[in-house]
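Novice: Predicted model follows, preceded by the sequence.
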Protein chains: 2
Amino acid sequence: MSDESQELGITESKSHKPGEWYAEVVQKADLADYAPMGGFIVTKPRGYALWESIQDALDGWFKETGVDNVYFPMFIPESFLEREKDIVEGFDPEVAWVTQGGHDELEERLAVRPTSESIIAPFMADWTRSHRDLPLRINQWCSVVRWEATETKPFFRTKEFMWQEGHTAHATNEGAWEEVWTRLDQYERVYEDVLAIPVLRGKKPEHDKFPGADTTTTVEALMPDGKSVQGATSHNLGQSFAEAFDITYVDEDEEERTAYTTSWGLSWRALGALIMTHSDDQGLVLPPTIAPTQVVVVPIWQEDTKEDVLEYSETIVDDLEEAGFRVELDDRDERNPGFKFNEHELNGVPLRLEIGPYEVEDEEVTLVHRPDNEEAVEDRDGIVDAVDEHLETIYDKLYEAAEENLQENVREADSAEEIMGTIGKHGGYVKVPWCGDQACEEAIKEKVAAEIVMQPLEEQGGQTAGVPKAPEDDDAECAVCGDDADDLAYFAKSY
Amino acid sequence: MSDESQELGITESKSHKPGEWYAEVVQKADLADYAPMGGFIVTKPRGYALWESIQDALDGWFKETGVDNVYFPMFIPESFLEREKDIVEGFDPEVAWVTQGGHDELEERLAVRPTSESIIAPFMADWTRSHRDLPLRINQWCSVVRWEATETKPFFRTKEFMWQEGHTAHATNEGAWEEVWTRLDQYERVYEDVLAIPVLRGKKPEHDKFPGADTTTTVEALMPDGKSVQGATSHNLGQSFAEAFDITYVDEDEEERTAYTTSWGLSWRALGALIMTHSDDQGLVLPPTIAPTQVVVVPIWQEDTKEDVLEYSETIVDDLEEAGFRVELDDRDERNPGFKFNEHELNGVPLRLEIGPYEVEDEEVTLVHRPDNEEAVEDRDGIVDAVDEHLETIYDKLYEAAEENLQENVREADSAEEIMGTIGKHGGYVKVPWCGDQACEEAIKEKVAAEIVMQPLEEQGGQTAGVPKAPEDDDAECAVCGDDADDLAYFAKSY
């Protein structure tokens, strides 16, 4: 390796310094840069392409299931945010305030949206007249700003972040619940099928719900460092927003009724989870489902073999492109193959095809998997099918490794000491019977910074209504205080 | 018509009160609502779908021609904006200022981006090291805010508006010019092929360029009320931003050189032009190229014919869907056909298929064009091809009407009086020889609020370098002051 490729590579170790390693992967794989203002990042082409892939998948599913995109103003008058105080006492959002327009002071401060319920709800009230207007389902892709003073971690913790926020209104609570599950299913699907990350589904504890929600459901993903990421949330808002903002409708019997609303969102934190889950000390690792370049073809030549090798390589690239793969030919003259291998590893290209004079002679192709460098030799003839199979294998490997990590890291405990000991030693989730009292969570949180990230839910005839699963043992006792425990809870450290 | 459909319909007249008529079409065709803060709008599903169609078309062309999407922060520190003062004296943007974050005053005010050159340029400087990094082409789809105190006109004049902004760096001025034309071609294409609006291409006068630009090129569209809309702009920024922000690169000969940059943008004003150009006193008119619903099938039944009519209609809808048309079956029980006709006219569905018992019996379909109500009867058998042809005819009608309006409204004039008289009487463009002095424009502008919206450009071997076209007569005199005139200029009132 040349000096240049040393500089190019990742120097930190994922297992020893996960924070530094993560920051280095993000920057060296050209996903994002830090902006001049603390808390903000610049999303570079490779990073934004990943976000676009997530958008494409989710947006398609949203539209197939009755959601229309809209766009609401990025500013919310302070008095609109105040109305949320009717719902949530002490609601005091940490937001960025616009106080001047041009050279003038504004009469009323405008918040840069931290989320849009308070400006969307009044319009939903206006648009919802008759039962025929329901369900009403709208979504916007935008960025939001939350003025939290924390260290910047690209895609995980930034003052401005990109997300989608869906908002719906329904005639019945059943309709609202169906909506909540439809969206949670789609979030699960995007994690599992697009990002190759298995997730756990459940609800947040009562004291950790979205302000004003009846129930906040979540998909949680376990990172290799043992912390849980809240992957996306889907809230049943019940009638609280509908009551505060007069979202009512005239039913078939001519009676005026109050609607039920939901909201649901997934942010670019999903990219953070993606990078963190699969990548390694050589750099970014991407499942083929989302990789902007799925296959890179690296021709290896000497002067006298260059023409043959390049020609052979080009026909393979053509075949793969025609078959719909995202493929790149790296025929740069000024870089040697070793440099190229390192660079494509760093950038997370799932499959590398190496083609030298021997491959040309034998009408074969050498394939190398990212991340485990598994090598295979395949016939030129069947290369399209072979590439398809290898990409599938690579996806499976990534998914299975993440699944194994998850399976191995759900443990049980019988006491506060055991919860803390297990989390301290292994990280991951600790599943315990819980009495439902926030104080029992606080006792753990204060000592080891772990909290209840999720409660698994009871299935009720194929459809749950947000009822938490009970411990198997009818006489279960809360692992922390020893009182009767009707619930199960998953403790973990979290992002 | 029922009372309800009267209320549904447009009450203002396009020819008599274009402003009121426009506002009514936007609201009644459900494109947008006014937000509670003056200057802001809420873009509703039907309006946003139109913007998504424009995005899809342009974004695809951008990517085919080497552009990557990115995302930069929505805030720009005041000191970054100040750096633009090196380029443009007296630059003092009318922007929204964030001065508080959470409960604290910020040390430095943050502007909500009015455009992003000043935050993007320093990163371009960082990313541009070698000639191999050029050309660098990035784009973002976002909203921007300009705090101008004008009356709100949805999509035309709003404090926050959606757009895309492209930013590129090149090794040579020729490379920058090529970029400028590539983007102007794409803007022309989106207007002509997607929106069915012919445009004029040209440059802005020197005194009306984008601050810091060498040349601002524009596509201009003539509205039926005789005013010109600046449809999109593509700027050759020369080396001014590159010099101010140190965008340099090491060339093949190891010398450090300053890059050339461009920027180019199209906003949702394109939607304003779309609505204004084609719509009429019955409501929205959309070319089939962009209409979210291209074809609506309205079955017309009595109790005894309902089953047959519906069944027949459904098979037609299936065939059209399968052929890739965006088609809707309006089988609502609670609305009569007249109400439905009016509603779909209002919403701008280009082609209506009416199907009653006679159509079923004769195995035919009745087709009605929007906007001119031209009717045709076609055989059921060839309905897919017939629909395709009718949609093409509708697009052609709309384009040709707009083209005719444009052709008829480019006039010439020999004196200031004639310019003003012509614009006062007909609106449209007045093409005159011009000496190049801003004072001659001011003389007209003060009296009739018309300005030079565009100067046509000279072709130079298939590629222009932004040189304005000269009058045909070598001895031409400026229509305003009578001095020698080397340039041609188009006066018009503008949006």
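Specialist: Cool, the structure landed. Residues are numbered from 1 along each chain as shown, chains lettered A, B, ... in the order given.
Novice: Any residue of the helix or strand encompassing A:D33 touching chain B?
Specialist: Taking DSSP states H and E as the criterion, the element that holds A:D33 is strand A:32-34. Yes. Strand A:32-34 lies within reach of chain B by Cβ under 8 Å from any Cβ of the partner chain, at A:D33. Heads up, the C-betas are built off the backbone N, CA and C, glycines and all.
Novice: Relative to the whole chain's centre, how far out is the helix or strand just after that strand?
Specialist: Next helix or strand after strand A:32-34 toward the C-terminus (DSSP H and E): strand A:41-43. Here strand A:41-43 shows a centroid-to-chain-centroid distance of 17 Å under the convention Cα atoms, centre = their mean, to the nearest Å.
Novice: Stretch A:298-317 too?
Specialist: 40 Å.
Novice: got it, and stretch A:445-454?
Specialist: 21 Å.
Novice: Tell me which residues are up against it.
Specialist: Stretch A:445-454 has contacts (Cβ atoms under 8 Å, 6 or more residues apart in numbering or on different chains) with A:200-205, A:208, A:218, A:220, A:228, A:230, A:419-420, A:423-424, A:429-430, A:434, A:441, A:444, A:489-494.
Novice: Just the residues contacting the strand holding A:D33, thanks.
Specialist: Counting by Cβ under 8 Å, 6+ apart, A:26-27, A:40-44, A:47, A:152, A:154-155, B:123, B:126 sit against strand A:32-34.
Novice: Greatest separation within those residues: which pair is it?
Specialist: A:F155 and B:D126 (20.1 Å; Cβ to Cβ).
Novice: still on that earlier bit, what strands flank the strand holding A:D33, and is each parallel or antiparallel?
Specialist: Neighbouring strands of strand A:32-34 in its sheet, by DSSP bridges, are strand A:41-43 (antiparallel).
Novice: Name the next helix or strand following the strand it pairs with along the chain.
Specialist: With DSSP H and E, the next secondary element past strand A:41-43 is helix A:45-64.
Novice: Buried residues, that next one. List them.
Specialist: Buried residues in helix A:45-64, counted by 16 or more other Cβ atoms under 10 Å in any protein chain shown: A:45-55, A:57-59, A:61-62.
Novice: any idea of the mean pLDDT in that helix?
Specialist: Confidence over helix A:45-64, taken as the mean pLDDT, stands at 98.
Novice: what about the residue lying closest to A:H131 once chain neighbours are set aside, how many neighbours?
Specialist: Among residues not flanking A:H131 along the chain, A:D251 sits closest, at 5.0 Å (Cβ to Cβ, 6 or more residues apart in numbering or on different chains). Applying other Cβ atoms under 10 Å in any protein chain shown, we find 13 residues neighbouring A:D251.
Novice: Over to the one 5 residues further on?
Specialist: By the criterion of other Cβ under 10 Å, A:E256 has 8 neighbours.
Novice: do the same with the one 10 residues further on
Specialist: The local packing count at A:L266 equals 24, with neighbours defined by other Cβ under 10 Å.
Novice: Backbone torsions only: list them for the closest residue to A:G231 other than its chain neighbours.
Specialist: Nearest residue to A:G231 in three dimensions, chain neighbours excluded: A:V219, at 4.3 Å (Cβ to Cβ, 6+ apart). Torsion angles at A:V219 (phi, psi; degrees, to the nearest 10) stand at phi -110, psi 130.
Novice: Just confirm A:V219 contacts A:K204, I think it does.
Specialist: No. With contacts counted by Cβ atoms under 8 Å, A:V219 stays clear of A:K204, the gap being 11.4 Å.
Novice: Have a look at these two and say which one is more surrounded.
Specialist: The neighbour comparison of A:V219 against A:K204 (other Cβ under 10 Å) goes to A:V219, with 27 against 22.
Novice: as a whole number, average confidence for stretch A:456-468?
Specialist: Mean predicted confidence for stretch A:456-468 is 74.
Novice: which ones are touching the residue nearest to A:T289 when sequence neighbours are not counted?
Specialist: Counting by Cβ to Cβ, 6+ apart, A:V194 is the residue found nearest to A:T289 once chain neighbours are left out, at 5.2 Å. By Cβ under 8 Å, 6+ apart, the contact set of A:V194 is A:53-54, A:57, A:287, A:289-290.
Novice: Return the member of those nearest to chain B.
Specialist: Using Cβ to the nearest Cβ, A:S53 is the member of these that sits closest to chain B, with 11.6 Å.
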